[in-house]
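> Fold the stuff below for me.
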Amino acid sequence: MGSDGFFFDCLVRQPDYDEDELDELDLELNLEEFIAFSEEMLVHYAREVDKAYATGRSVTLSFAGSSLGDIANVPAPFLKEPKGIRDIEEWYISTSMREDYVAEIFKGQVDVALENLKRLYVSVGDRVDTIFLCGTDFGTQNSTFCSAGKFAELWKPEYRRMTGWIHEHTGWKVFKQGQDNIILPLVEKGDIEVVHEDWVIDWSPSNAKKVMNAALTKVGNNFDAVLASNDGTAGGAIQALKENDLAGKVIVTGQDADEVACQRIVVGTQSMTIYKPIKNLATKVAQLAVALGKGENVMAESTADNGTTDVPTITLPVIVVDKDNMMDTVIADGFQSKDAVYCNSN
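Next up, the predicted model:
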């Protein structure tokens, strides 16, 4: 900071408790700021989401009240007379010395957050693509302030309550939900370790490259796979891997069977993609539309919860494509041409 700069910080305004009082504080004192959204706030969210949605770009919603133990908010600078544990040092100590108290605070905070999420979803629906829940700073300049085990014990259960509700009742981040349904049980068993995770803004290759570079800075080459949710983000990750002599040496997933992704697959820098045959989808939709137009009964094989009701749903199979079945799938269907896909292969 320059000599003529200014630094602003929160004044500690925690009441002067003695040790015994700290150990017997009323839980509600640290929950004073977590309240139900007002109708005015819901209208504000809906208005701003409408404006963002109209741009045609991805919409990310920052959700108030969901960052558990966010140290910027613990001192409660927005409250006139904050009560409870508001001293930053005391809060950090409490995450180890008063775990049950902090756990109950988090539970109470998430109880309120879940009710607000339900009302918020009614207001904005699936016009939101992603939601930002956690702004908690778990790091210091030299290390983390808690162990991975402490995070798993104290924070993770409550964050999973929120993300679980979101995945079950909304369309926000649905690809991530599908991945987690498979991966998280393996993580919990210890079969898989997630060494870095981030959301790629706008699903853009350039942002995906930034995320991959951050991962490389964090863990070096000590990883086995990159789970990318579409071919664009896979491409950005692979570009970063190339610059670090790792392209083709780790698994990279994708989705959509884009031409450039198919090119990467046959030369070995991308491992696979997900192909959703357009002809099959279009034919099925046309058949169903004609049947409904004739007043015929259409039998759905399952339902999908859209947050309001269970919608009758018909799904079609997707195809995992790699270098071994490229000719029999994407190229055989005419979705991509052989000349274009194999233009860079020997």
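> quick one: contacts for Asp278?
Residue 278: Ile, not Asp. For Ile278, the contacting residues are Phe335, by CB atoms under 8 Å, 6 or more residues apart in numbering. Using the backbone N, CA and C atoms, a C-beta is placed for each residue, glycine as well.
> For it, give its distance to Asp333.
Distance of Ile278 to Asp333, given as CB to CB, to the nearest Å: 8 Å.
> And for Gln270?
Counting by CB to CB, the gap from Gln270 to Asp333 is 19 Å.
> Compare neighbour counts for those two and give me the winner.
Neighbours per residue (other CB atoms under 10 Å) separate Gln270 from Asp333, with Gln270 holding more: 30 against 15.
> May I ask which helix or strand encompasses the spatially closest residue to the more buried one that is not a sequence neighbour?
In space, and not counting its chain neighbours, Gln270 is closest to Arg264: 3.8 Å by CB to CB, 6 or more residues apart in numbering. With secondary structure defined by DSSP states H and E, Arg264 is part of helix 259-267.
> any idea which helix or strand comes after the helix or strand of the chain with the lowest mean pLDDT?
Ranked by mean pLDDT, DSSP states H and E, the helix or strand of the chain with the weakest confidence is helix 174-189, at a mean of 72. Scanning forward in sequence from helix 174-189 by DSSP H and E, the next helix or strand is helix 205-219.
> Show me what that next one is packed against.
helix 231-243 (3 or more CB pairs under 8 Å, 6 or more residues apart in numbering; DSSP states H and E).
> So for the helix it packs on, what gets flagged as buried?
For helix 231-243, burial by neighbour count (16 or more other CB atoms under 10 Å) applies to 231-241.
> Run a quick neighbour tally on Lys118.
Per other CB under 10 Å, the neighbour tally for Lys118 reads 13.
> so who does it touch?
Lys118 makes contact with 165, 169, according to CB under 8 Å, 6+ apart.
> that older thread, pull the residues that contact the helix holding Arg264.
For helix 259-267, contacts defined as CB under 8 Å, 6+ apart pick out 231, 234-235, 238, 248, 254, 270-273, 321-323, 326, 330, 336, 340-345.
> What subset of those residues is buried?
Buried members of the contacts of helix 259-267, counted by 16+ other CB under 10 Å: 231, 234-235, 238, 254, 270-273, 321, 323, 326, 330, 336, 341-342.
> Among these, find me the one that's closest to Leu288.
Minimum distance to Leu288 across the buried ones among the contacts of helix 259-267 is 25.1 Å, recorded for Val330 (CB to CB).
> give me every residue that touches that closest one.
Neighbours of Val330 in contact, by CB under 8 Å, 6+ apart: 257, 262, 275, 321, 336, 341.
> now Ile131
Shown in contact with Ile131 (CB under 8 Å, 6+ apart): 60-63, 166, 172-173.
> Find the residue closest to it in space, skipping its chain neighbours.
Take Ile131 and drop its neighbours on the chain: the residue closest to it by CB to CB, 6+ apart is Leu61, 4.8 Å away.
> Give me the secondary structure label for that neighbour.
strand (DSSP: H, G, I helix; E, B strand; the rest coil).
> Could you report the distance from it to Tyr53?
Note on Leu61: its distance to Tyr53, by CB to CB, is 11 Å.
> Same check on Gly125?
Using CB to CB, we find Gly125 at a distance of 10 Å from Tyr53.
> Ala72 now?
From Ala72 to Tyr53 the distance is 29 Å (CB to CB).
> Repeat that for Ala282.
Ala282 is 26 Å from Tyr53, by CB to CB.
> Which one's more surrounded, the two?
Ranked by neighbour count (other CB under 10 Å), Ala282 and Tyr53 place Tyr53 first, with 17 against 10.
> residue contacts, the more buried one?
Contact analysis of Tyr53 by CB under 8 Å, 6+ apart lists 59, 127.
> so where's the longest helix in this structure?
As assigned by DSSP state H, the longest helix anywhere in the chain is helix 99-124.
> Tell me the buried residues in that one?
Within helix 99-124, the residues that count as buried by 16+ other CB under 10 Å are 101-103, 105-106, 108-110, 112-113, 116-117, 120-121, 123-124.
> can you count the residues close to the residue nearest to Gln270?
Residue crowding around Arg264 was assessed by other CB under 10 Å; the count is 25.
> Using PDB, list the CA coordinates for stretch 82-91.
Extracted in PDB, the C-alpha atoms of stretch 82-91 (Å, rounded to 0.1, in the frame of the first residue of the first chain):
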ATOM      1  CA  PRO A  82     -23.600  -6.800  17.900                       C
ATOM      2  CA  LYS A  83     -23.700  -9.500  20.500                       C
ATOM      3  CA  GLY A  84     -22.200 -12.900  20.800                       C
ATOM      4  CA  ILE A  85     -18.700 -13.900  19.600                       C
ATOM      5  CA  ARG A  86     -17.700 -11.000  17.300                       C
ATOM      6  CA  ASP A  87     -13.900 -10.700  18.000                       C
ATOM      7  CA  ILE A  88     -12.000 -12.300  15.100                       C
ATOM      8  CA  GLU A  89      -9.400 -14.000  17.200                       C
ATOM      9  CA  GLU A  90     -12.000 -15.300  19.600                       C
ATOM     10  CA  TRP A  91     -14.000 -16.700  16.700                       C
END
